[in-house]
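**Q** Only the shape, not the letters, is given here:
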DNA sequence: CTTTTTTTGTACCATTTCGCAAATAATTCC
DNA sequence: GGAATTATTTGCGAAATGGTACAAAAAAAG
């Protein structure tokens, strides 16, 4: 659950600004959520430098001053779209990560979802925002770098939990190193994300995933 | 050995244009090789869209018309730099790939070289051209896509040879799948390339490599 | 109805960007 | 030395780019 616009009865006090029944001035002609989603698509497809404000304006239906007013300048908008992407990806993954399943099935599901995310897109596979554009920006931009590193860390940690659990249930031998396995699991995510972007067919990516799962779990679950 | 400018006695007939002792008109004020290397650095750092012809002009010392005359338009130049990058990387790797060593040592060396390549750079780690910018362009540009896919294939194949060899020497069990192992080895390359770009410290990357090698070779060489 | 508040729409600005044309310079061939 | 050839230099120009100023529009509040 990322953030919706309306909830029937919102009583919390803090930053929840959504249910405001009456705003003061002229109403917005756009929905920030969908506009941000459109911007995300563009940045993900063309990268930061490759996406112009005109492109963004056209895609969101907002003209440039509105864009600016709503999200700040180009870099701020980029960062907001990236935050949104990560929130969405995290949400999509979280459900699957927390389902208790045999380790192989669990990994299989995770990679299925990842492939869905990476391969979707009207004009070709969109790939992974982090891997495709954010990592590039990370060299020069400390804020983006922090987010990217955090993303890597979260993924590693989530996988590590899975493997630790599998050790507890005896699916993996006591000698297995959950952290090392987790990094290989992340590496598998990264490699399919990159290859997807170059239009490697899904079948082939699934085959890579199978090989990786066999390698990570094979020694034990054979 | 990629291509140098002068060799004392070049007698081959084909495309080897280097030793031409007398060119017809005004001599070039630049060396194509070093200019291309400068351009490569820029593209690798800032990507295709993020690098302007003015940047390239400043870095190479050639003004725009010269650039244009020597390498064609921006896209052609980009492609030429990428070809150069891959030729260099291939050359750097080839020596190491072909040295016969115990599989672990061999992998260790390969990853060492990879890390050297990815972490070098004055203004921060340069990462891998393929992973950082070329893969992004690959969605929309068929020519670049072909090169990128070829690159992935070459890497997979090179690793597969290593693993096959290790099976022959008995370092890996007969049950090992060289192609699957090779894809994991490539995945490890990819993950360190991406993480390097986000300034993950070398120590940490080396630790990932260690874990990966243990996983890939562990079952056998223990 | 008027005022206040917030957003939109139009237009504009300074700069950058890519590409090229025309003139100039340096070198070889005759 | 002159013609031919190849590179460089200067400068132009049309389009795109990021950003903003300002007036008009749409709603609530008084």
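**A** Looks like it came in fine. If you're wondering where the values come from, they're calculated on a predicted model, not measured in any experiment.
**Q** From now on I want contacts and neighbour counts done on CA atoms only, so please keep to that.
**A** OK.
**Q** mean confidence score for stretch A:104-116?
**A** On average, the pLDDT along stretch A:104-116 is 95.
**Q** which residue sits closest to residue A:162, ignoring its sequence neighbours?
**A** Spatial nearest neighbour of residue A:162, chain neighbours left out: residue A:103 (7.0 Å); criterion: C-alpha to C-alpha, 6 or more residues apart in numbering or on different chains.
**Q** Would you mark the buried spots in the helix or strand of chain A with the lowest mean pLDDT?
**A** Among the helical and strand segments of chain A, the one scoring lowest on mean pLDDT, DSSP states H and E is helix A:202-221, with a mean of 88. Neighbour-count burial for helix A:202-221, counted by 16 or more other C-alpha atoms under 10 Å in any protein chain shown, picks out A:205-206, A:208-217, A:220.
**Q** what ranges do the helices span in chain A?
**A** Counting by DSSP state H, one finds helices in chain A at the ranges A:32-50, A:53-60, A:64-71, A:74-98, A:103-119, A:129, A:135-138, A:142-168, A:178-197, A:202-221.
**Q** okay if I get those helices as a markdown table plus distance to residue B:189?
**A** Converted to a markdown table, the helices of chain A look like this (distance: least, C-alpha to C-alpha, whole Å):
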| stretch | distance to residue B:189 |
| --- | --- |
| helix A:32-50 | 23 |
| helix A:53-60 | 34 |
| helix A:64-71 | 37 |
| helix A:74-98 | 24 |
| helix A:103-119 | 19 |
| helix A:129 | 19 |
| helix A:135-138 | 15 |
| helix A:142-168 | 16 |
| helix A:178-197 | 8 |
| helix A:202-221 | 14 |
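**Q** contacting residues around the closest residue to residue A:157 other than its chain neighbours?
**A** Among residues not flanking residue A:157 along the chain, residue A:182 sits closest, at 7.3 Å (C-alpha to C-alpha, 6+ apart). Residue A:182 makes contact with A:156-160, A:163 under the criterion C-alpha atoms under 8 Å, 6 or more residues apart in numbering or on different chains.
**Q** and residue A:182, how far is that from residue A:167?
**A** 13 Å (C-alpha to C-alpha, to the nearest Å).
**Q** just residue A:151 next, same as before
**A** Using C-alpha to C-alpha, residue A:151 is found at 25 Å from residue A:167.
**Q** neighbour-wise, which of the two wins?
**A** Between residue A:151 and residue A:167, counted using other C-alpha atoms under 10 Å in any protein chain shown, the more crowded position is residue A:167 (19 against 15).
**Q** doesn't residue A:173 make contact with that one?
**A** Yes. Counting by C-alpha atoms under 8 Å, residue A:167 sits close enough to residue A:173 to count as a contact (6.2 Å).
**Q** And stretch A:189-204, what's buried?
**A** A:189-200.
**Q** Please enumerate residues in contact with it?
**A** Contacts for stretch A:189-204 (C-alpha under 8 Å, 6+ apart): A:111, A:114-115, A:118-119, A:124-128, A:131-132, A:205, A:208, B:131, B:135-136, B:138-139, B:145, B:148-149, B:186-187, B:190-191.
**Q** how far away is the residue of chain A found nearest DNA strand C from chain B?
**A** Closest contact between chain A and DNA strand C, by C-alpha to the nearest atom of the strand, is at residue A:25 (3.2 Å). As for residue A:25, its distance to chain B is 39 Å (criterion: C-alpha to the nearest C-alpha, to the nearest Å).
**Q** do the same with residue A:30
**A** 29 Å.
**Q** do the same with residue A:165
**A** Separation of residue A:165 from chain B (C-alpha to the nearest C-alpha): 19 Å.
**Q** which parts of chain A sit against chain B?
**A** A:45-46, A:49-50, A:124-125, A:131-133, A:135-136, A:138-140, A:145, A:148-149, A:180-181, A:183-184, A:186-188, A:190-191, A:194-195, A:197-200, A:208, A:211-212, A:215-216, A:219 (C-alpha under 8 Å from any C-alpha of the partner chain).
**Q** Who are the contact partners of residue A:59?
**A** A:35, A:38-39.
**Q** Including pLDDT, neighbour count and distance to residue B:56, could those go into CSV?
**A** Listed next are these as CSV, based on pLDDT from 0 to 100; neighbours: other C-alpha atoms under 10 Å in any protein chain shown; distance: C-alpha to C-alpha, whole Å:
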residue, pLDDT, neighbour count, distance to residue B:56
A:35, 95, 20, 35
A:38, 95, 19, 32
A:39, 96, 25, 29
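**Q** For DNA strand D, state which of the residues you listed is nearest.
**A** Among the contacts of residue A:59, residue A:39 lies closest to DNA strand D (C-alpha to the nearest atom of the strand), at 12.5 Å.
**Q** Not including adjacent chain positions, what is the nearest residue to the closest one?
**A** residue A:56 (5.9 Å).
**Q** correct me, but the one you found touches residue A:41?
**A** No. Between residue A:56 and residue A:41 there is no contact under C-alpha under 8 Å: 9.6 Å.
**Q** Show me the residue sitting in the middle of chain A in space.
**A** In chain A, the centroid-proximal residue (C-alpha atoms, centre = their mean) is residue A:89; its distance is 3.2 Å.
**Q** one step back: nearest to residue B:65 among the buried residues of stretch A:189-204?
**A** Residue B:65 has its nearest neighbour among the buried residues of stretch A:189-204 in residue A:198, at 32.4 Å by C-alpha to C-alpha.
**Q** Which residues of chain A lie near DNA strand D?
**A** A:22-27, A:49, A:51-55, A:64-65, A:68, A:73-75 (C-alpha under 7 Å from any atom of the strand).
**Q** swap the cut-off to 10 Å and go again
**A** Listed as neighbours of DNA strand D in chain A under the rule C-alpha under 10 Å from any atom of the strand: A:21-29, A:48-57, A:63-69, A:72-77.
**Q** filter those residues to the buried ones?
**A** The buried subset of the residues of chain A next to DNA strand D - by 16+ other C-alpha under 10 Å - is A:48-51, A:53, A:56-57, A:64, A:67-68, A:74, A:77.
**Q** can I get those residues in TSV with pLDDT?
**A** Shown next, in TSV, are those (pLDDT from 0 to 100):
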residue	pLDDT
A:48	97
A:49	96
A:50	96
A:51	97
A:53	96
A:56	96
A:57	96
A:64	94
A:67	94
A:68	94
A:74	96
A:77	97
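**Q** In terms of distance to residue A:107, which of these ranks first?
**A** Looking across these and measuring by C-alpha to C-alpha, the closest to residue A:107 is residue A:48, at 31.9 Å.
**Q** quick one: that closest one and residue B:121, what's the gap?
**A** Distance from residue A:48 to residue B:121, by C-alpha to C-alpha: 22 Å.
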